[in-house]
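Participant: Quick one, what's the 3D model for this:
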Amino acid sequence: MLTELAVERVEFACGRCWLEWSADYDIQHYRDEVGDDWEYVYRDGVPVASPYTPAGAPPCPRCGRRWVGRIVARRTIPTPPGAAHTPRLKIIDRSSHRSERHGAPLLGADAHVQPEPLGPPPDEEASFDDTTLRDDWRRDVTG
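Facilitator: Numbering: from 1, shown residues only. Predicted coordinates:
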């Protein structure tokens, strides 16, 4: 039995080349006949391993290294049949019901605005001033 449907936007940040990118994943939670819960993950309609695990982390588009993603946004999709008052439309003829949807372009997993590139972190040695830190510590300690 389906217990939850959602679209999750997952962001990745490569620790090697500092590229940042994101992708949308379709998530299905399912409870089997013995009561165990399972999560199924799809990207562009294709089953994939969870992007939150090393096995499912996609390669960086720039350098190929794999980095586990983190969720940045989520939209749940109500599971049918819904409450009695939920608006619905009975499908009389499956073959002609909104037939244009079959030719609609796929809304791709990465068809949204990508994060702004931040670049590598600043050089720690160039931005760290030991004297300032020591003077700030003295002020805090001596009042």
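
Participant: contacts for stretch 6-26?
Facilitator: Contact with stretch 6-26 is made by 5, 27, 41-43, 45, 48, 51-52, 57-58, 60-63, 65, 67-77, 109-110, 112, 114-120, as judged by Cβ atoms under 8 Å, 6 or more residues apart in numbering. C-beta coordinates here come from the backbone N, C-alpha and C atoms, glycine included.

Participant: pLDDT weak spots in this structure?
Facilitator: 116-143 (pLDDT under 70).

Participant: Okay, strands next: where are they in it?
Facilitator: Ranges of strands in the chain, per DSSP state E, are 2-13, 20-31, 37-43, 46-48, 70-77.

Participant: TSV please, covering the ones you listed and showing mean neighbour count and distance to residue 89.
Facilitator: Shown next, in TSV, are the strands of the chain (neighbours: other Cβ atoms under 10 Å; distance: least, Cβ to Cβ, whole Å):
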stretch	mean neighbour count	distance to residue 89
strand 2-13	16	19
strand 20-31	18	23
strand 37-43	14	25
strand 46-48	12	29
strand 70-77	12	17
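
Participant: Take those strands and write them to TSV, including distance to residue 84.
Facilitator: Shown next, in TSV, are these (distance: least, Cβ to Cβ, whole Å):
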stretch	distance to residue 84
strand 2-13	19
strand 20-31	23
strand 37-43	27
strand 46-48	34
strand 70-77	19
